[in-house]
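Participant: Give me the fold of what follows.
(one chain, ligands or ions: 1)
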Amino acid sequence: MSTAQVLSELQTQYASFPEVRFFEGKGGLPFVRVSNRFCDAEISLLGGQILSFSPKDQAQPVLFCSDAAYFELGKGIKGGAPVCWPWFGDHPDGLGAHGFARSNLWRVDSIERDDCEVIELVLSLPAEVCAQTPEWQGVRLSTKIRVGKWLTIALITENGSDKAVSLSQALHTYFQVSDCRTIHIEGLENNTYLDKPSNFQRQAAAGKAITVNAEVDRVYENVHSPITLLDPNWNRSITLTSEGSASAVVWNPWVEKSKAMNDFGDNEYTQMVCIETTNAASDARVIDSGQTHTMQVKIHPKAVDSRSVVIT
Ligand SMILES: O=P(O)(O)OC[C@H]1O[C@H](O)[C@H](O)[C@@H](O)[C@@H]1O
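Facilitator: Okay, here's the model as predicted:
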């Protein structure tokens, strides 16, 4: 079936949701647009990921997407909240970074509207995609994306195979910021981290908020409290509250790494920071046969008085 036919069938199936539109977007790929009374959001069926989220009460978009991002089957899209699954980072046997969920097309399983008019989409990665990698045959991945005033994304892994699997994963969320050099990230002051630029050496807790003035690529350990991104220039805070995750990655590629990536603009590092909700490093999970694991993040943008976000 062509993309146009798939989209037209989806539009018919979900005709009772005037706030949901299916369309062919960049790269001829299928997208879903949700415009309700809270926000405008776009979801890509390539990668099963939200790409943009703009609450009506916010002057700036919450999520960042690179102007140079690939929109191509078989590649991940650098923007929004890519789904890294069923492994995070490099694969020991060279199967490619961050797994295969982000580079394949997902299906729409259901769309619902709750009593508050929040829209919930459930997408799943087709079984035949998982079956291409023998270890993941029989394991099912779906995502629930709730778009309202807040954004909630859940990744649900059901192990329908007859053996236990070891899962690492990430909701690799790109946040739009006024200028990465002026933001602060709070909530990880007391956490140790594995520092990728220094060969994943474990670093002591810094005891202060994270600022970005060089490459940052860290896996924070034992994360149990919310993380808040403060952007004084935009009088905005964004709080991430997670469940089923006890690690988080903070990433900004800075100058040299940005230049080295073909799907990222040389100067775009100033406009973004990734705060990734993960099961990474020692937080990887063993999912027994028949078990389900859910990892979820709630992203809550809030306007704040500039005085309350100035940190010394
Ligand atoms: O370029 P990608 O494969 O999308 O990876 C982008 C980034 O993802 C994570 O944040 C890793 O910690 C980084 O080391 C990596 O550069």
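
Participant: Could you count how many residues lie near the residue in the stretch 201-312 of the chain positioned nearest to the ligand?
Facilitator: Checking the stretch 201-312 of the chain residue by residue against the ligand with Cβ to the nearest ligand atom singles out residue 251 as nearest, at 3.5 Å. All C-beta atoms are positioned from the backbone trio N, CA, C, and that covers glycine. Residue 251 has 22 neighbours, counted by other Cβ atoms under 10 Å.

Participant: now do residue 302
Facilitator: Neighbour number of residue 302 under other Cβ under 10 Å is 15.

Participant: again, but for residue 169
Facilitator: Residue 169 has 29 neighbours, counted by other Cβ under 10 Å.

Participant: partners of it in the sheet?
Facilitator: residue 279 (DSSP bridges).

Participant: same question, residue 287
Facilitator: residue 165.

Participant: I'd say it and residue 164 touch.
Facilitator: Yes. Assessed by Cβ atoms under 8 Å, residue 287 is found in contact with residue 164 at 6.6 Å.

Participant: Now the element after the helix or strand where the residue of the stretch 201-312 of the chain closest to the ligand lies, going C-ward?
Facilitator: Under the criterion of DSSP states H and E, residue 251 resides in strand 247-252. Counting by DSSP H and E, the next helix or strand C-terminal to strand 247-252 is helix 254-260.

Participant: ok, back up a step: spell out which strands sit alongside the strand holding residue 251 in the sheet and which way each one runs.
Facilitator: strand 216-220 (antiparallel), strand 272-279 (antiparallel).

Participant: ends of stretch 9-29, how far apart?
Facilitator: End-to-end distance for stretch 9-29: 15 Å, by Cα to Cα, to the nearest Å.

Participant: just stretch 38-52 next, same as before
Facilitator: Terminal residues of stretch 38-52 are spaced 14 Å apart (Cα to Cα).

Participant: How about that stretch and the ligand, any contact?
Facilitator: No. Under the criterion of Cβ under 6 Å from any ligand atom, stretch 38-52 makes no contact with the ligand; the nearest approach is 10.8 Å.
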